[in-house]
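> No letters, just coordinates:
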């Protein structure tokens, strides 16, 4: 029963969705503070190359994840300076970040005498629970068959939701994203909070890239995110900036990405390029249908100050 | 403490500032690139000299640079006209692919004896129409439901890329060369190849320049351009003035998509001579957006910026000769974009140092003084619009 196509594809959807979920969680925090960072794809790539490099040298999963997260956070700091302090157009700054990230990661990944391009994966990402759990019918592979990062990500979803809605820190974050002038008047450090939110978002994207390269793909390839970062950006909007909906959405995208594998087993002959299209077509359709639905006035809107630089003198 | 940094908006940036700051930003980008190169053990001076020799020093390098700049001018224009109206079409990438697919399809379908002029005209027109139609998938939801066009155009890029890959790598389609086991596009007939001006430089460059002038005239000198600028400056004012925003949105998307589609057609006709996904999917569309921004959405400003960027990008292959990864030029492009974007702040604002007054800060007085420095409402509005674009 545990070898059935359905069980295996649900289990693989969770793994394939986890990198997108990590990046989306980070971006939710960034955007909730009013900063739009479109550079997720570039930050994931930089996080991935840093994590893979660390993995091949240390073999330590926690260390590789942290290094990946920090590398992407450093890149997000560039966006923070441009978007928050220098108040430039955030769309353009984010796009530039994608170009810098893909150039930097391709450059570093192909550097030196033994480039990462040809290196084996140094980190062994095994399941968290002992072998015996995997034999439990259905729940074995789906619930107990994953590595530690999958469960940590689930905890992070709950944590993000709790911080956003149940703590004063989350209230401050959302206030800064909704009405920075009022937040400023209430004594909140708008600039400080936005910097922090942007860097946390970068860390999330870096974790996503790190997990993607270490656990999902297992080797470094130039441009290996293949749009996962953009999916994360779309997912944040689709989920209405809510962590729980991002969780469902990420696993749904994971399922769509894994659909090719499932259909191949089922001997359905669909060209692989069309399978690669499915997540993007699905995201497109969902965005259009959500915006066209009559209930759209009731759906959660974007943070009111999203993408708008805050200038105290224009208050 | 050394004092506080005081930021005041410039009333009207002088030409010296408008030209000087971007040049200074370029130097900052090259300097940061040099730091990375030194850290990885390369000699930055050698790298930059090699890049200059490969892209600007001599007739052949300049021909190569202008050839590379051609699609970038067009995708830059595609972004400039759309972003000017605050239509964030990030989809030039995909619209370019669809334009290339249409143009190569037409070239293969029409009899190869068709006169060159007719053949090339049909290809460019076909590319434009295909690009515009593909943009419609984002334009119609945006116009009627207010669907976020950043997400839709981005997703459509990946769909277009997968479709183009399918035609060459995933199937034995009409576009693929059946005589070769290795997947490759079918070569278009000689009558579909753009004539050249000098060396490798083809007529497409002149077409791109002509389109830049046309777009400039369209935005500056027509009623449509006036509507477009009004919507860009204030959508609400435009609605009150009776301008049909949905229709204008669809129109600007169509023009933007057509320009990107022409870029794809010109690449097929002038450079690749076949549908070649590897040579087309090099982020020409995304680069165009940043080119347009650096050019401050000015259609004529797109020309020099695109040529400069092309000079950087085209020198990548020369890096291997001196043992440096060719990807370094992508990194440099990104650094230039970031640096010039950041420089925009220093064009619209003036920085000054003011010592901290003894006996505590005197916020109200400073605020008053700052308010006096603000030139007028119109200027600060322009500054904020300029910042948003």
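Nice, I can see it. The structure displayed is predicted, hence computed values, not measured ones.
> Can you give me the neighbour number for the residue in the stretch 151-300 of chain B that chain A sits nearest to?
Chain A sits closest to residue B:166 of the stretch 151-300 of chain B, with a gap of 3.6 Å, by Cβ to the nearest Cβ. Where you see a C-beta, it was placed from the backbone N, CA and C, and this is true even at glycine. Residue B:166: 19 surrounding residues under other Cβ atoms under 10 Å in any protein chain shown.
> residues contacting it?
A:271, A:273, A:274, B:173 (Cβ atoms under 8 Å, 6 or more residues apart in numbering or on different chains).
> Now secondary structure too, for the residues you listed, in TSV please.
As requested, the contacts of residue B:166 are exported to TSV (DSSP: H, G, I helix; E, B strand; the rest coil):
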residue	secondary structure
A:271	coil
A:273	helix
A:274	helix
B:173	coil
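> Throw together a ChimeraX command that grabs the buried residues out of those.
The ChimeraX selection below is limited to those of the contacts of residue B:166 classed as buried (16 or more other Cβ atoms under 10 Å in any protein chain shown):
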select /A:273,274
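> Pick the one among the contacts of residue B:166 closest to residue A:158.
Closest approach between these and residue A:158, by Cβ to Cβ: residue A:274, at 36.1 Å.
> nearest residue to that closest one other than its sequence neighbours?
Leaving aside its chain neighbours, residue A:274 sits nearest to residue B:166 (6.5 Å; criterion: Cβ to Cβ, 6 or more residues apart in numbering or on different chains).
> do residue B:335 as well
residue B:29 (4.3 Å).
> Can you name the next helix or strand after the longest helix seen in chain B?
Longest helix in chain B, counting residues (DSSP state H): helix B:116-145. With elements assigned by DSSP states H and E, the helix or strand that comes after helix B:116-145 is helix B:149-165.
> Which neighbouring elements make contact with that following helix?
Secondary-structure packing of helix B:149-165 (3 or more Cβ pairs under 8 Å, 6 or more residues apart in numbering or on different chains; DSSP states H and E): helix A:228-238, helix A:272-292, helix B:92-109, helix B:116-145, helix B:277-280.
> what pLDDT, on average, does that helix get?
What helix B:149-165 shows for mean pLDDT is 93.
> Give me the angle between that helix and helix B:116-145.
Counting by axes from the mean of the first three to the mean of the last three Cα atoms, to 10 degrees, helix B:149-165 points 140 degrees away from the direction of helix B:116-145.
> and the next element down the chain from helix B:149-165?
Using DSSP H and E, the first helix or strand after helix B:149-165 is strand B:196-198.
> would you list the contacts of residue B:166 in CSV and tack on distance to residue A:149 and pLDDT?
Below are those laid out as CSV (distance: Cβ to Cβ, whole Å; pLDDT from 0 to 100):
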residue, distance to residue A:149, pLDDT
A:271, 32, 82
A:273, 30, 85
A:274, 30, 86
B:173, 40, 88
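> Distance to residue B:70 for the helices and strands packed on helix B:149-165 - can I get that in JSON lines?
Shown next, in JSON lines, are these (distance: least, Cβ to Cβ, whole Å):
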{"stretch": "helix A:228-238", "distance to residue B:70": "27"}
{"stretch": "helix A:272-292", "distance to residue B:70": "28"}
{"stretch": "helix B:92-109", "distance to residue B:70": "12"}
{"stretch": "helix B:116-145", "distance to residue B:70": "12"}
{"stretch": "helix B:277-280", "distance to residue B:70": "13"}
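> Which of the ones you listed sits closest to residue B:247?
Closest to residue B:247 of the helices and strands packed on helix B:149-165, according to Cβ to Cβ: helix B:116-145, at 7.5 Å.
> so what's residue A:120 up against?
Residues in contact with residue A:120 (Cβ under 8 Å, 6+ apart) are A:56, A:219.
> And it, how close does it get to chain B?
21 Å (Cβ to the nearest Cβ, to the nearest Å).
> Give me the secondary structure label for that residue.
With three-state DSSP as the basis, residue A:120 sits in coil.
> again with the one 5 residues further on
Under the three-state scheme (three-state DSSP), residue A:125 adopts coil.
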